[in-house]
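S.K.: no sequence on this one, just coordinates:
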């Protein structure tokens, strides 16, 4: 009978041991691990809070997989804690700050590989943006557009100047003072003002014989005939000296509109513009509007070129310990022995009667 009692409680001990050990293993392996445990100290310099604003999107790309997409939104894959942003001045608003936070993950990651993956995703996206802006720089290059506009104007002015001075009208009515400037734009402006002033005088009621004589070097009593002929010449040849684009006050807006319209339309219809559409932009095809939108994209480019110089730094601060069989067995053995002993105290008399 004594041996039967020993065999019975030995079997009960084994059953308890297997049950408690299995329960302990499953609990620590699959339940406690959901209480995230691997800790990393992450820090990085940043410009304009770019990194702090992108953290959620960034780490979704770092950790998201098809298998864990449900858990990741419940905070069971990673967590960010103790986020801090340190500035470098108490009185000045500085775009450069130091971001630091604790990253806690369910799985263990080698700190260098994790750092490499984070920077590959974050800096890679910035480099891609910079590259795309630089490839499409010609679409919003204000200085180039301005240079092209100036060159087109210069060609028009040179053509107009040469056409005027080589005309029969210019030979017949030469200016009283020859332009001594080397710049054709200045000379064309002076000649245009000269002939327009003559034309205005010819149309006035105060025209005199002395003016006719001074202008034509001809003495004639038939002033009316002469004036009529001169006016007829001026009217017929008005396109030679009366240039709309030379009137900078009256036609400045139209000139801007025509010169920048083609360039602006090319930008607005591009895939680049639709992809990186500004929140607000001017719809008037003027030089000022084109300059504003050029400054907008240049500002983005400059900011991201600064940001790309500062990667994330990752240092592991606490690695969660896995299930250790050698350490867990003594604990489970003690609990099992205690449970078996309590059961023995409560049931040994009952089993002795049954075994008899």
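M.R.: Yes, it's here. Predicted model only: the values in this text are computed from it and were never measured.
S.K.: Could you report the neighbour count for residue 55?
M.R.: By the measure other C-beta atoms under 10 Å, the count of residues near residue 55 is 16. In short, each C-beta sits where N, CA and C put it, glycine included.
S.K.: I'd say it and residue 80 touch.
M.R.: Yes. The criterion here is C-beta atoms under 8 Å, and residue 55 meets it with residue 80 at 6.3 Å.
S.K.: Now do the shared contacts for these two.
M.R.: Common neighbours of residue 55 and residue 80 (criterion: C-beta atoms under 8 Å, 6 or more residues apart in numbering): residue 101.
S.K.: mind listing the strands for this structure?
M.R.: For the chain, the strands defined by DSSP state E cover 38-47, 78-86, 96-105, 313-318.
S.K.: Name the surrounding residues that touch the shortest one.
M.R.: By C-beta under 8 Å, 6+ apart, the residues outside strand 313-318 that reach it are 37-44, 102-103, 111-112, 114-115, 118.
S.K.: Apply the buried test to the residues you listed and list what passes.
M.R.: Neighbour-count burial (16 or more other C-beta atoms under 10 Å) is assigned, among the contacts of strand 313-318, to 37-44, 102-103, 111, 114-115, 118.
S.K.: quick one: which of these is nearest to residue 156?
M.R.: Here the nearest of the buried ones among the contacts of strand 313-318 to residue 156, counting by C-beta to C-beta, is residue 44; it sits at 53.6 Å.
S.K.: Would you agree that closest one is in contact with residue 97?
M.R.: No. Using C-beta under 8 Å as the test, residue 44 is too far from residue 97 to be in contact (9.8 Å).
S.K.: how about stretch 229-237: buried residues?
M.R.: Of the residues in stretch 229-237, those scored as buried under the neighbour-count criterion (16+ other C-beta under 10 Å) are 230, 234, 237.
S.K.: Mind putting those into JSON lines with distance to residue 318 and pLDDT?
M.R.: Output for the buried residues of stretch 229-237, formatted as JSON lines (distance: C-beta to C-beta, whole Å; pLDDT from 0 to 100):
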{"residue": "230", "distance to residue 318": "99", "pLDDT": "82"}
{"residue": "234", "distance to residue 318": "93", "pLDDT": "86"}
{"residue": "237", "distance to residue 318": "91", "pLDDT": "88"}
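S.K.: picking up where we left off before, same list (the strands of the chain) but as TSV, adding distance to residue 174 and mean pLDDT.
M.R.: TSV is the format used below for those (distance: least, C-beta to C-beta, whole Å; pLDDT from 0 to 100):
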stretch	distance to residue 174	mean pLDDT
strand 38-47	64	94
strand 78-86	74	91
strand 96-105	66	93
strand 313-318	78	90
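S.K.: is it possible to export the ones you listed to CSV including distance to residue 149?
M.R.: Supplementary listing: those in CSV, determined by distance: least, C-beta to C-beta, whole Å:
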stretch, distance to residue 149
strand 38-47, 34
strand 78-86, 44
strand 96-105, 37
strand 313-318, 48
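S.K.: Go through these and name the closest to residue 153.
M.R.: If you check each of those against residue 153 by C-beta to C-beta, strand 38-47 wins as the nearest, at 39.3 Å.
S.K.: from the middle of its chain, how far away would that closest one be?
M.R.: A distance of 22 Å separates the C-alpha centroid of strand 38-47 from that of its chain, computed with C-alpha atoms, centre = their mean, to the nearest Å.
S.K.: next one: stretch 260-278
M.R.: Distance, centroid of stretch 260-278 to centroid of chain: 16 Å (C-alpha atoms, centre = their mean).
S.K.: how far does it stretch from start to finish?
M.R.: Separation of the first and last residues of stretch 260-278 by C-alpha to C-alpha, to the nearest Å is 19 Å.
S.K.: swap in stretch 66-81?
M.R.: Distance between the two ends of stretch 66-81: 25 Å, counting by C-alpha to C-alpha.
S.K.: any idea of the mean pLDDT for stretch 169-180?
M.R.: Model confidence over stretch 169-180 averages 86 on the pLDDT scale.
S.K.: what's next to that stretch, contact-wise?
M.R.: 164, 186-187, 190-191, 194-195, 198, 215, 230, 233, 237, 240-241.
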